[in-house]
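[1] Task: produce atomic coordinates for the following.
(chains A and B)
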Amino acid sequence: MKIILYLIQKEFLQIKRNKAILPIIFAMPIVQMLVLVWATTSELKEVHVDYIDQDHSEMSRKFYNKIDGLDCFYLQSLDASADAIEQLHNHHLDAVVEIPLHFARDLEKGAKVYPQVAINAVNSNNAEMIKGYFENEWQRFLTEEQDQGVSFHRLELSFRYWYNPEMDFKFYMAPGILAILISLVGMMLSGMNFVREKEMGTIEQINVTPIKKYQFISGKLIPFLIIGIVDLLLGLFIARIAFGQPIIGNLGTLILGTAIYLVPLLGISLWISAISDKQQQVMFICFFFLLIFILMSGMFTPVESMPLWAQQLNYLNPQFYYIKIIRGILLKGATIMDISRELICLTCYGVIVFLIATYKYKKVS
Amino acid sequence: MNRRVWGLIKKEFTHIFRDKRTLFMIFGIPLVEILLFGFVIRTDISNIKVGVVDMTQDQVSHDICNKLLGSTYFSEIISVDQISDADLLFRENRIHELIIFGKELEKETTNRLGGEISIILDGSNPTVSQLILNYTNAVISDYFSLADYKDIVPQYRMVYNEELNSTYMFVPGVMALVLLLISAMMTAITLTKEKENHSFEMLLISPIRPLEVIIGKVTPYLVLSLANGVLILFLSKVLFGLPFLGNNLLLFAIILLYVLLSLSIGIFISVVADTQIVAMLFSLVVLLMPTMLLSGFIFPIANMPWPLQWISSIMPARWFIICFKGVVIQGLGIVGVLKPFLILLGMTLFFMILSVKKYNTHLDD
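    I've put the predicted structure just below:
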């Protein structure tokens, strides 16, 4: 135990002495919380729409006003003679709505009328959302028209969002970005640090000492685990101040969960560095795995929609468990019991990976 | 090109080809990314699990549940006794939404008195919850035929991307990210490695001029990047049928320009950084993370607050993605993408001049 403490002390001394690493470790959570969280919103903010009205009726005006009433829609009426596609092209629009001639007359007669909506779908997500907005407004428009005519029963549908009633996207993204942050810092730093000793040749000096293999691996793992937790708390603190990130659950549970998560993650990077001999190599392999971990973890996209084999593959992804842990604790106030399954999986995972990393580290060159 | 430079290029290629693992990763990363985005990651949601509090136990609620299960989005219905029980289910991620059927729903709806259905959603994931609400709403409205005008729907036309294929979104982004990774990050690290190992001094005291050193060191990465670009284009054509509407020569010119820009950024980073770890952290924090999140790859730029829109405009990837989409998906010519093209060109010249100047001063030290 004492030897491990000395090794940890050595690592911290080295990190402290390095003029460049320390600022980056502390600057990263600040930059990410202040910049990236605000960037990762999927809400629509500005949709530029051209409204071509060929009917010029009261009805078509009403529909115009309905869409115009939406906060994020900016409507304009452009040259009606030009083709919709051309308009999208020339005026950098997101959508063009075309109301055909005799729109009002046909609607009253109950005939089928179709407003034409052309949406710029280069970004398929945005296009889908814009379509959703139009659909909603159209439904409301029709219902209102209807209500003025026949009396019709109305079924009341009420809905509420628990855990995030304002639907603030930042509260959802911040835990995800924090998870990326500590994974990046921890995995990259620990892996490259290990191999750097190989490149510099200083590892030989450790190899000839009686330090045991598991002690060496622990000595490389624990400092970066601590840095990861410090980074997490710093990032959380900034998120709290900058935009009031809710922390509903217990902070102690979160720290415990983070520590348990970081063991397999750092273990993987130490495993990689035990079998590599160049920093560039470690960095690339770590990056390769991180990319898969992040994209599959459900941080940006729902896991449930993935094909079954991918969901099963996710059991090997430490971040898959951690995203549930961090979002659960911060937003839903999950207790240790609620996340016990994730914690148990990560603990087993950590033990296995630690043993492999220790086994793969050879004290001979 | 003279013999000295050739010699250097050959040396660098030997370095790269000797390290089979890194080489494998260089081609593995784009492959995995394309496959993940193409086959695994979905932004829509399926397999929704619904909790139901049924106070009526009558035909109407029964029918709606069956209708939900019949649609492609919902996979499981869990019956819940009380609303308060739902909290635990939400925290354990066992349900996505809770539907509460009010008392005497059947009687009220058949007598056209109204009736009440409440929906509670997990707001900790705003985008997904909004989609779930839309789907649920659609099923319930359909059941009650809330609108007589049900079949009058606007006609949508998704311009440039009829089938809302998300491939169109991610291929340019993956391309931007991978080229940056290889050109900028690898170049930065390989150049700092020579610095760290003091082998750079040897190059500098040899008759090779600084510019020749740079050319010799970066040419292999230029070749690798272009090979990777071709691989990505090939995969996206064969697997996902990305349309190549524009001029392929122009596309090649854009890719080449972007690679040159990334290389010069890589050289610039290696001037600033002294160790490989610092170069790596710098590339990650300043280049890769912002490129992933701020370039419009995953999150649309128009939805960001204006300071971030401004920051995103200094991201090379943003302009590359605009050019790429313009040429490949929209089929624009050089005139259509002139502005982003010139911006990329300007950035390239800026970083090239800056790094060459810096290298000269380094020689004086």
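
[2] show me what contacts the nearest residue to A:P302 once chain neighbours are set aside?
    The shortest distance from A:P302 to any non-neighbouring residue, by C-beta to C-beta, 6 or more residues apart in numbering or on different chains, is to B:I45 (4.8 Å). Just so you know, the C-beta spots here come from the backbone N, C-alpha and C atoms, and that holds for glycine as well. Going by C-beta atoms under 8 Å, 6 or more residues apart in numbering or on different chains, B:I45 touches A:P302, A:E304, A:S305, B:Y73, B:V128, B:L131, B:I132.

[3] secondary structure class for B:I45?
    With DSSP: H, G, I helix; E, B strand; the rest coil as the basis, B:I45 sits in coil.

[4] Please apply the same query to A:V97.
    A:V97 - assigned by three-state DSSP - is strand.

[5] now it: how far from chain B?
    8 Å (C-beta to the nearest C-beta, to the nearest Å).

[6] tell me the helices in the stretch 101-250 of chain B, going along the chain?
    Taking DSSP state H, counting those that start in this stretch, the helices of the stretch 101-250 of chain B run over residues B:105-110, B:126-144, B:167-180, B:187-196, B:199-205, B:210-238, B:248-272.

[7] can you list the residues that contact the helix or strand containing B:L31?
    Using DSSP states H and E, B:L31 sits within helix B:20-35. For helix B:20-35, the external contacting residues (C-beta under 8 Å, 6+ apart) are A:276, A:278, A:280-281, A:284-285, A:287-288, A:291-292, A:295, B:16-17, B:171, B:174, B:177-178, B:181-182, B:186, B:224, B:228, B:231-232, B:235-236, B:239.

[8] what about the spatially closest residue to B:G173 that is not a sequence neighbour, distance to chain A?
    Nearest non-adjacent residue to B:G173, counting by C-beta to C-beta, 6+ apart: B:F297, 3.1 Å away. Distance, B:F297 to chain A, by C-beta to the nearest C-beta: 10 Å.

[9] do B:T56 as well
    13 Å.

[10] these two touch, right, that residue and B:E116?
    No - judged on C-beta atoms under 8 Å, B:T56 makes no contact with B:E116 at a distance of 10.2 Å.

[11] Around chain A, which positions in the stretch 251-365 of chain B sit nearby?
    Neighbours of chain A within the stretch 251-365 of chain B, by C-beta under 8 Å from any C-beta of the partner chain: B:273-278, B:280-282, B:284-285, B:289-290, B:293-294, B:298-300, B:302-305, B:308, B:311-312, B:325, B:329-330.

[12] Got a quick PyMOL command for the buried subset of those?
    This is the PyMOL syntax for the buried subset of those, where burial follows 16 or more other C-beta atoms under 10 Å in any protein chain shown:
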select buried, chain B and resi 273+275+276+277+278+280+281+282+284+285+289+290+293+294+298+299+300+302+303+304+308+312+325+329+330
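
[13] residue ranges with poor pLDDT in the stretch 151-300 of chain B?
    Counting by pLDDT under 70, the low-confidence segments of the stretch 151-300 of chain B come to B:151-166.

[14] burial measure for the nearest residue to B:F240 once chain neighbours are set aside, as a count.
    Closest residue to B:F240 apart from its sequence neighbours, by C-beta to C-beta, 6+ apart: B:T167 at 4.0 Å. By other C-beta atoms under 10 Å in any protein chain shown, the residues close to B:T167 number 21.

[15] so B:T167 sits right up against B:L242, yeah?
    Yes - using C-beta under 8 Å, B:T167 is in contact with B:L242, at 5.9 Å.

[16] Give the intersection of the neighbour lists for the two.
    Joint contacts of B:T167 and B:L242 (C-beta under 8 Å, 6+ apart) are B:S236.

[17] Centre of the chain to stretch B:285-305, how far?
    From the chain centre to the centre of stretch B:285-305 is a distance of 9 Å (C-alpha atoms, centre = their mean, to the nearest Å).

[18] Oh, that last question was meant for stretch B:72-92, not what I typed.
    The answer for stretch B:72-92 is 32 Å, by C-alpha atoms, centre = their mean.

[19] Next, give phi and psi for whichever residue of the stretch 1-150 of chain A sits closest to chain B.
    Nearest residue of the stretch 1-150 of chain A to chain B: A:A121, at 3.7 Å (C-beta to the nearest C-beta). With angles defined as degrees, to the nearest 10, A:A121 sits at phi -110, psi 20.

[20] how far away is it from A:I268?
    A:A121 is 39 Å from A:I268, where distance means C-beta to C-beta, to the nearest Å.

[21] who wins for proximity to B:V356 among the helices of the stretch 101-250 of chain B?
    helix B:210-238 (6.5 Å; C-beta to C-beta).

[22] Buried residues of that closest one, list them for me.
    For helix B:210-238, by 16+ other C-beta under 10 Å, it's B:210, B:212-222, B:224-226, B:228-229, B:232-233, B:235-236.

[23] One more: stretch A:191-205?
    Result for stretch A:191-205 [16+ other C-beta under 10 Å]: buried residues A:G191, A:M192, A:N193, A:F194, A:V195, A:R196, A:E197, A:K198, A:E199, A:I203.

[24] Give the residue spans of the stretch 51-200 of chain A that score low on pLDDT.
    In the stretch 51-200 of chain A (pLDDT under 70), the answer is A:78-87, A:89-91, A:110-113, A:123-125, A:143, A:145-159.

[25] could you redo the last one with a cut-off of 50?
    Counting by pLDDT under 50, the stretch 51-200 of chain A contains low-confidence residues at A:150-153.

[26] For residue 314, which residues are in contact?
    Looking at chain A here, since you left the chain open. Contacts of A:N314 (C-beta under 8 Å, 6+ apart): A:M296, A:S297, A:G298, A:V303, A:M306, A:F320.

[27] Same question for B:V272.
    B:F282.

[28] gap between it and B:I265?
    11 Å.

[29] for chain B, what are the nearby residues on the stretch 201-350 of chain A?
    A:276, A:278-281, A:283-285, A:287-288, A:291-292, A:295-296, A:300-302, A:304-307, A:310, A:324, A:327-328, A:331-335, A:338.

[30] hey, where'd the helices end up in the stretch 201-350 of chain A?
    With DSSP H, counting those that start in this stretch as the criterion, the stretch 201-350 of chain A has helices spanning A:202-207, A:213-243, A:251-274, A:279-296, A:308-313, A:318-332, A:340-360.

[31] and the nearest residue to A:D68 once chain neighbours are set aside, how many residues sit next to it?
    Closest residue in space to A:D68, ignoring its immediate chain neighbours: A:L75 at 4.8 Å, by C-beta to C-beta, 6+ apart. When neighbours are counted by other C-beta under 10 Å, A:L75 registers 17.

[32] was I right about A:L75 contacting A:Y51?
    Yes - in terms of C-beta under 8 Å, A:L75 counts as a neighbour of A:Y51; the distance is 5.3 Å.

[33] Find residues that contact each of those two.
    A:Y64, A:I67.

[34] can you pull the pLDDT of the nearest residue to B:D142 once chain neighbours are set aside?
    Take B:D142 and drop its neighbours on the chain: the residue closest to it by C-beta to C-beta, 6+ apart is B:K67, 7.4 Å away. Here, the pLDDT recorded for B:K67 equals 86.

[35] Pull out the buried positions in the helix or strand encompassing B:K67.
    Secondary-structure assignment from DSSP H and E places B:K67 in helix B:59-70. Buried residues in helix B:59-70, counted by 16+ other C-beta under 10 Å: B:V60, B:S61, B:I64, B:C65, B:L68.
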